[in-house]
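Undergrad: just to be clear, the model below is a prediction. Sequence and coordinates:
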Amino acid sequence: MRLQSLFALAAFTAILPFASAQAGTWPAGTKDTFLQQCQETAGKQVSAAIAKQHCTCSADALSKKLSDADIKALTGTTAPSEELQGRMMAAVSTCQVQK
């Protein structure tokens, strides 16, 4: 599996409990939780610095590409729809990590 795919998978796994929004706003506290969980997950595969860079990029990309409603759905207690999962993966796939 390519490294970029691992990062995307790690980011997706970390935000699964949080998903939903287009130029969206994260509900209070959820962005920090996303960043923490993403960095913990990605940090198992890469250095902490690279994990932080990727996760920050992913959070910003999700904010830009998803709507408030999408981000709210991501932060809910149910899993996001397959369509939303696909849009999430497309958004975070733009986060190229510099080694």
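TA: Right, received. Where do you want to start?
Undergrad: now stretch 68-77, how far from the centre of its chain.
TA: Taking Cα atoms, centre = their mean, to the nearest Å, one finds stretch 68-77 lying 12 Å from the centre of the chain it belongs to.
Undergrad: now do the buried residues in that stretch.
TA: Buried residues in stretch 68-77, counted by 16 or more other Cβ atoms under 10 Å: 68, 70-75. C-beta here means a position set from N, CA and C on the backbone, and glycine is covered the same way.
Undergrad: just the closest of those to Met88, please.
TA: Leu74 (7.2 Å; Cβ to Cβ).
Undergrad: need phi/psi at the closest one.
TA: phi -70, psi -30 (degrees, to the nearest 10).
Undergrad: likewise the one 4 residues further on?
TA: As for Thr78, its main-chain torsions (degrees, to the nearest 10) stand at phi -100, psi 150.
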